[in-house]
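Q: following is a predicted model, sequence given first.
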Amino acid sequence: TKSNVNILILDSATTGRLAVLYYRNMDKEIYLDRLAKWHLTCVWLHRYRKNEQGDYVHFYGAPATKDIAFAAYGPK
């Protein structure tokens, strides 16, 4: 049997009300393949903090949604 993944994005503009902004049902294997491809092909150089010597610790990896929004729109 096939396993599925449900993707659901909800938003609450006010207390007591909830809206479904996005819904998708897809095959689990397709979802996992796409997720793996995202992490392999969409990589940024991350510099988050300094180590004991004062050098930035960095790595290459897929950005978080927060990082994408910050890069596109800035801090506000």
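A: The structure has been received and is ready for your questions.
Q: packing partners for the longest helix seen in the chain?
A: With secondary structure taken from DSSP state H, the chain has its longest helix at helix 28-41. Applying 3 or more Cβ pairs under 8 Å, 6 or more residues apart in numbering; DSSP states H and E, one finds that helix 28-41 contacts strand 4-11. Heads up, the C-betas are built off the backbone N, CA and C, glycines and all.
Q: roughly how far is the strand it packs on from the heart of the chain?
A: 14 Å (Cα atoms, centre = their mean, to the nearest Å).
Q: ok and that strand relative to helix 28-41, angle-wise?
A: Computed by axes from the mean of the first three to the mean of the last three Cα atoms, to 10 degrees, the angle separating strand 4-11 from helix 28-41 equals 70 degrees.
Q: what lines up beside the helix or strand of the chain with the lowest mean pLDDT in the sheet?
A: Lowest by mean pLDDT, DSSP states H and E among the helices and strands of the chain is strand 44-50, with a mean of 80. Applying DSSP bridges to the sheet, strand 44-50 is found paired with strand 56-61 (antiparallel).
Q: contacts for the strand it pairs with, please.
A: The contact list for strand 56-61 (Cβ atoms under 8 Å, 6 or more residues apart in numbering) reads 39, 43-51.
Q: what do you get if the cut-off is 7 Å, keeping everything else the same?
A: 43, 45-51 (Cβ atoms under 7 Å, 6 or more residues apart in numbering).
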